[in-house]
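A.B. asks: 3D model of this:
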Amino acid sequence: MDINPVTLLPLSFDVTLIFLLLIIALLLIIVHIWRRADKRARMLFESWKRDEYARWKTWIQEEADARADVQAEARYRDWQRWEEQKIRQDAIRRSHSVIRGKITEHLIPWFSEFSYHPSDARFLGSPVDFIVFDGLSEGCLKEIVIVEVKTGSGSLSPRERSVARIIEEGKIRFEVIRKE
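C.D. replies: Numbering: from 1, shown residues only. The predicted structure follows:
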């Protein structure tokens, strides 16, 4: 058996040209489709990137706000404790001053600064501390003195100033009330 080689017929120039144009057209279509896909992929990537950025930015802001709230709350509690301690210390200091003043008011007739006989003094406490009937214990009343005792840098209250003003103006009198 003899084998005859198959001979390829030479393609005509027209068929080759059509085949070549077809390949070029297919390549152009593939390039066009590839460019559209690439453009779509870039758009999707940019959209995803914007969305992720916004999501992360929101999350970071929320975390920062939450941490700031925790820190602010802690600082507020510290400030509140500090202020409460300061207020308590001030209240204790004032309480000591008031108690010292009340004790001094009651004991002042026995101090050397009190220039009247202790038994001539009558404690009122309000609106003035004492009325002193100077000389009454010896049977010889010389004068009546209204005494207000102040300790430290204390000053007269408005009520005490009004009593002092009335006394200075001489608007003071003696009255007897009889009940039958």
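
A.B. asks: Report the central residue of the chain.
C.D. replies: When the chain is reduced to its mean C-alpha position, the nearest residue by C-alpha atoms, centre = their mean turns out to be Y76, at 5.9 Å.

A.B. asks: which SS class is that residue?
C.D. replies: helix (DSSP: H, G, I helix; E, B strand; the rest coil).

A.B. asks: What of the one 4 residues further on?
C.D. replies: Three states are possible here, and by three-state DSSP the one that applies to Q80 is helix.

A.B. asks: Let me know the pLDDT of it.
C.D. replies: Here the pLDDT value assigned to Q80 is 95.

A.B. asks: how near is it to S126?
C.D. replies: 36 Å (C-beta to C-beta, to the nearest Å). Every residue, glycine included, has its C-beta placed from N, CA and C.

A.B. asks: how about the helices in the chain?
C.D. replies: 13-107, 158-168 (DSSP state H).

A.B. asks: Could you report the separation of D90 from F133?
C.D. replies: Taking C-beta to C-beta, one finds D90 at 40 Å from F133.

A.B. asks: So for these two, which sits in the more crowded spot?
C.D. replies: Comparing D90 with F133 by other C-beta atoms under 10 Å, the one with more neighbours is F133, at 18 against 10.

A.B. asks: where does the more buried one land on pLDDT?
C.D. replies: On the pLDDT scale, F133 gets 94.

A.B. asks: Got phi/psi on the residue nearest to V163 when sequence neighbours are not counted?
C.D. replies: Spatial nearest neighbour of V163, chain neighbours left out: P127 (5.4 Å); criterion: C-beta to C-beta, 6 or more residues apart in numbering. The phi/psi pair for P127 (degrees, to the nearest 10) reads phi -80, psi -10.

A.B. asks: Identify the residues contacting F114.
C.D. replies: The contact partners of F114, by C-beta atoms under 8 Å, 6 or more residues apart in numbering, come to I108, A121.
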